[in-house]
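In: pasting the sequence and the predicted coordinates here, then a few questions.
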Amino acid sequence: MKNPFRRPLTGQGVLAWLIGFFAVVFLVNGIFVYFAQKSWTGLDRDDAYRRGLDYNRTLAAARSQRELGWSVELDLVATPDGRYRLFTKFLDDADAPLFGLAVEALIRHPIRDAYDQSVTLRSAGEGRYVADIVLPHPGQWDVEVEARGAADQRFRVRKRFYLK
């Protein structure tokens with residue numbers, strides 16, 4: 001038996017379905033683009049352009065850091081009171097501990113800039129420097145440590161930690 005409510009598929013029907021399909025695709029993509037741009041700026045740092053221009057200085061700093069021959073051990077561990085302790089140990093090219101450094105660390109959350117914090121590490125003897133920090137939650141954290149010594153010596157190290 002023939003269905004009286006079904007019309008045959010014509011060129012106009014195909015065109016209408018095709019236009020409707022692409023209209024839905026463009027609408028959904030537009031919504032995704034809107035929320036993507038609203039939720040993230042696309043920049044890792046506020047001064048990305050200026051840092052790009054300073055590329056030669058960055059290469060020179062890396063070269064001078066290699067020439068120092070320093071090495072560093074870096075660890076971030078949980079303490080029983082729910083905090084975290086950042087440990088560093090700096091050694092010179094003869095594996096002797098380095099004393100008298102000014103050591104600072106930037107703890108960054110890979111996604112949320114609001115969780116980023118800077119800390120100053122205190123000397124714990126034998127080339128070790130420590131700081132107690134409070135993190136809002138476990139997960140991935142990037143730690144960048146900078147040590148400044150005499151005669152404008154600088155040493156930077158970065159490490160990503162996954163905290164449980």
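Out: Happy to help now that I have it. Please read all numbers here as calculations on a predicted model, not as lab measurements. Numbering: from 1, shown residues only.
In: which stretches in this protein count as helices?
Out: 11-39, 48-53, 55-68 (DSSP state H).
In: and these as TSV, adding distance to R85 and mean neighbour count?
Out: The way it works is simple: take the backbone N, C-alpha and C, and place the C-beta from them, glycine included. Output for these, formatted as TSV (distance: least, CB to CB, whole Å; neighbours: other CB atoms under 10 Å):
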stretch	distance to R85	mean neighbour count
helix 11-39	33	10
helix 48-53	30	10
helix 55-68	25	11
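In: quick one: contacts for the residue nearest the centre of the chain?
Out: Per CA atoms, centre = their mean, the C-alpha nearest to the average position across the chain is that of P110, at 3.5 Å. Listed by CB atoms under 8 Å, 6 or more residues apart in numbering, the contact set of P110 reads 140-142, 160.
In: returning to that earlier point: out of the helices of the chain, which gets the lowest mean score?
Out: Lowest mean pLDDT within the helices of the chain: helix 48-53, at a mean of 77.
In: which elements pack onto that one?
Out: Helix 48-53 sits against no helix or strand, with contacts defined as 3 or more CB pairs under 8 Å, 6 or more residues apart in numbering; DSSP states H and E.
In: can you pull the contacts of I107?
Out: I107 makes contacts with 86, 116-119, 133, 135, 141-143, as judged by CB under 8 Å, 6+ apart.
In: 6 Å instead?
Out: Counting by CB atoms under 6 Å, 6 or more residues apart in numbering, I107 touches 117, 141, 143.
In: tell me how many other residues crowd the second one.
Out: When neighbours are counted by other CB atoms under 10 Å, W141 registers 21.
In: mind checking how far it is from D116?
Out: Separation of W141 from D116 (CB to CB, to the nearest Å) stands at 10 Å.
In: do the same with the last one
Out: Remark: distance between V143 and D116 (CB to CB) = 11 Å.
In: the two - which one has more neighbours?
Out: V143 (20 against 12).
In: kindly state the beta-bridge partners for the more buried one.
Out: I107, K159 (DSSP bridges).
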